[in-house]
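In: Need a 3D model of the sequence below.
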Amino acid sequence: MILLILSSVVCCCVFYVQSFKTGLTAKNWALAGLFLGPTIYPLFRSRQRIKLQKARGYASYLFLA
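Out: Presented below is the predicted three-dimensional model:
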């Protein structure tokens, strides 16, 4: 039980900082991380990608070497 609470608090802090850095709504993601823990991570990454894609434009390409 303590491990579940501790992981939720850690996820809350991590999602808050990462969403603040990427320009997403930090409070909403912190609450989602607190209640859902690490299970929200795939949705969080997809929202980051969508926001980045909108900022760059849909016609631009990113070439990674």
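In: In the chain, where is pLDDT below threshold?
Out: Within the chain, the segments meeting pLDDT under 70 span 60, 62, 65.
In: what's the longest helix in this protein?
Out: helix 2-22 (DSSP state H).
In: buried sites along the helix or strand that that one is followed by?
Out: Going down the chain from helix 2-22, the next helix or strand is helix 26-36, by DSSP states H and E. Using 16 or more other C-beta atoms under 10 Å as the test for burial, helix 26-36 gives 26, 29-30, 32-34. Placement of C-beta: from N, CA and C, glycine included.
In: Please convert those residues to TSV, extending it with distance to C11.
Out: Below are these laid out as TSV (distance: C-beta to C-beta, whole Å):
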residue	distance to C11
A26	14
W29	10
A30	9
A32	9
G33	4
L34	7
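In: of those residues, closest to F63?
Out: Of all the buried residues of helix 26-36, F63 sits closest to W29, with 29.4 Å by C-beta to C-beta.
In: Tell me how far S19 lies from L3.
Out: 24 Å (C-beta to C-beta, to the nearest Å).
In: hmm, I was thinking of G37
Out: Taking C-beta to C-beta, one finds G37 at 11 Å from L3.
In: same question, G33
Out: Following C-beta to C-beta, the distance that separates G33 from L3 is 16 Å.
In: cool, and F63?
Out: 42 Å.
In: These two: who's more crowded?
Out: L3 (7 against 4; other C-beta atoms under 10 Å).
In: which residues touch F35?
Out: Taking C-beta atoms under 8 Å, 6 or more residues apart in numbering, we find F35 in contact with S8.
In: Go again with 10 Å.
Out: Applying C-beta atoms under 10 Å, 6 or more residues apart in numbering, one finds that F35 lies in contact with 8, 11-12.
In: same check, this time on A30
Out: 11-20.
In: Looking at those residues, which is nearest L43?
Out: Using C-beta to C-beta, these come closest to L43 at F15, 10.5 Å.
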